[in-house]
Structure formats: C-alpha cells, structure tokens
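Undergrad: need a 3D model of the following:
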Amino acid sequence: MAGVRELATAHYLLQQRAVRRAATRAQEGWRRMSTADLDGSWQVVAPLLVEAVTAGQQENASTADAYVGAVVAADGTRSQPSGAVNTAAFVGQAADGRPLSLGDLRWEAIEAFGEEPPAARRAAG
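TA: Numbering: from 1, shown residues only. This next block holds a predicted model:
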C-alpha cells in the first residue's frame, strides 16, 4: 500500500495533468481571438474558455473522494465517509467567486488587448 506522501504526490501529478489539459484547450481557444474584431471573436472564444476551465475544475474535483479515502486508509485511520464531495460546487466559478460565464470576465480579457468596456466608452463618449 502506498504511503501518504506517495498518494499526495500521485494526486498532485493527476491534478497537474488535468490543469495542463484544460490550459491547452484554453490556449487553443485564445488563438481564435482577433484583434481586428474583439467583440465578434470573443463570442466564439468565450464559450471555449468556459468549457475548458469547467472541464478541468470538474476533473480535479471528481478525484477528491478517492484521494481522501486513500489517504485516510494509508494513515491507518478507520473512518467511513460521511458524505461525498459535491463537485458542482467547484465548477463554473472564477478564483474570485464570480461565475465564469459573466461578461465581467470578458472585459478583463478585452482590456488586455487595449479596449475599454462599454460603460467606459459611454462615459468617455
């Protein structure tokens, strides 16, 4: 039986592979952005980015129950799970808690290309 350290390392590597897959998918989406048509290309890219990130979040969250169970067993603790991880609680949220699909996140990306959000354009206009 693997020890706690080996289980932690294996779980970390599993999570990193999922992150890499999600990042690769997101990068493929970003390559579709056009500086000539930020609004139009964002309509194509945004769903791809949301899909890539949520798939990675789901994949990583789905490994928690098995990992915790294995660590508890490796530690020699006798314990029965009192529940299961609700993976949906970890999917579809940005790091700051905002939903991934909201337009607010869009404007952070668009501003990186040098454009202002519509509210700023209206205020300046």
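
Undergrad: average pLDDT across stretch 8-15?
TA: Per-residue confidence for stretch 8-15 averages out to 97 on the pLDDT scale.

Undergrad: which residues are in contact with it?
TA: Among residues not part of stretch 8-15, those counted as contacts by Cβ atoms under 8 Å, 6 or more residues apart in numbering are Ala2, Asn60, Thr63, Tyr67, Val71. For every residue, glycine as well, the C-beta is placed using N, CA and C.

Undergrad: now for Gly3, how many residues are close by?
TA: Using other Cβ atoms under 10 Å, Gly3 is surrounded by 11 other residues.

Undergrad: which non-adjacent residue is nearest it?
TA: Residue nearest to Gly3 in three dimensions, not counting chain neighbours: Ala74, with 5.7 Å by Cβ to Cβ, 6 or more residues apart in numbering.

Undergrad: the bottom helix or strand of the chain by mean pLDDT?
TA: The least trusted helix or strand in the chain, going by mean pLDDT, DSSP states H and E, turns out to be helix 118-124, with a mean of 50.

Undergrad: longest helix in this structure, by residue count?
TA: Looking across the chain with DSSP state H, the single longest helix is helix 4-30.

Undergrad: neighbour-wise, which of the contacts of stretch 8-15 leads?
TA: When neighbours are counted as other Cβ under 10 Å, the busiest of the contacts of stretch 8-15 turns out to be Asn60, with 20 neighbours.

Undergrad: sorry, back to before: max pairwise distance over the contacts of stretch 8-15: which two?
TA: Based on Cβ to Cβ, the longest span within the contacts of stretch 8-15 runs between Ala2 and Asn60 and measures 19.7 Å.

Undergrad: centroid residue for this protein?
TA: Of all residues in the chain, the one closest to the mean position by Cα atoms, centre = their mean is Val53, 3.5 Å from it.
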